[in-house]
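1. Mind looking at a prediction? Sequence and model below.
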Amino acid sequence: MKGFNLRFITITLIVCISLVNISCSPKLSRSQKKWKIYHRNVDGENIGYPFEVIEDGYKLIAIYKTKKPIEYSVEWGWKLLLRNVSRSEISVGIRYKLLDKDDFVVASDYYGDTVAAGDTLSVQNTSKMRYEKAKMVKRSVFELTGFDTETLESLQDLE
């Protein structure tokens, strides 16, 4: 009977310790896992601007644990739907940034491609960041690069 009690206590302790470890592991909330979708365009005041952004957004996807040293990282995803409204094929770079409450960059990712005149580019990408940083994310912004002012001026001349 004494051996049975000792085994029962040991198993109970192992289960309790496992539950504590599970409950102490970082988790993502439902809100963090849900897409934050925006319908914001780029530089609407710049006549002849070659791109129209239809929508963009981000979400946190999953948490990963490394063994040595024990750290947690978060995979996050972003997407952007953009249309080339010019009459020319244009190369574009997209820098997608996650910001904290003070607008400091918490994480960023980059994607580049060429978009034919009138075509729509749909981008969905993932990246990773440390878990501690993921807790600070409050909003996102994007920057479009890869075309110079000469390109913009020549596009404006076509209109």
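-> Thanks, I have it. Residues are numbered from 1 along each chain as shown.
2. Looking at the longest strand belonging to the chain now, give me its mean pLDDT.
-> Across the chain, the strand with the greatest residue count (assigned by DSSP state E) is strand 51-66. Averaging pLDDT along strand 51-66 gives 93.
3. Parallel or antiparallel, list what pairs with the next helix or strand after that strand.
-> Note on strand 51-66: by DSSP states H and E, the next helix or strand toward the C-terminus is strand 71-84. Looking at strand 71-84 with DSSP bridges, its partner strands are strand 51-66 (antiparallel), strand 120-130 (antiparallel).
4. Alpha carbons only: can I get stretch 112-132 in PDB?
-> C-alpha atoms of stretch 112-132 as PDB (Å, rounded to 0.1, in the frame of the first residue of the first chain):
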ATOM      1  CA  GLY A 112      10.000  42.600 -54.400                       C
ATOM      2  CA  ASP A 113       8.500  41.900 -57.800                       C
ATOM      3  CA  THR A 114       7.600  43.400 -61.200                       C
ATOM      4  CA  VAL A 115       4.000  44.300 -62.000                       C
ATOM      5  CA  ALA A 116       2.800  44.600 -65.500                       C
ATOM      6  CA  ALA A 117       0.700  47.600 -66.500                       C
ATOM      7  CA  GLY A 118      -2.900  47.100 -65.300                       C
ATOM      8  CA  ASP A 119      -2.100  43.900 -63.300                       C
ATOM      9  CA  THR A 120      -2.800  43.200 -59.700                       C
ATOM     10  CA  LEU A 121      -0.100  41.800 -57.400                       C
ATOM     11  CA  SER A 122      -1.200  39.700 -54.400                       C
ATOM     12  CA  VAL A 123       1.500  39.100 -51.900                       C
ATOM     13  CA  GLN A 124       1.300  37.000 -48.700                       C
ATOM     14  CA  ASN A 125       4.500  36.500 -46.800                       C
ATOM     15  CA  THR A 126       5.700  35.300 -43.400                       C
ATOM     16  CA  SER A 127       8.600  36.200 -41.100                       C
ATOM     17  CA  LYS A 128       9.600  35.600 -37.400                       C
ATOM     18  CA  MET A 129      10.300  37.800 -34.400                       C
ATOM     19  CA  ARG A 130      11.100  37.300 -30.800                       C
ATOM     20  CA  TYR A 131       8.000  36.700 -28.600                       C
ATOM     21  CA  GLU A 132       8.800  39.600 -26.300                       C
END
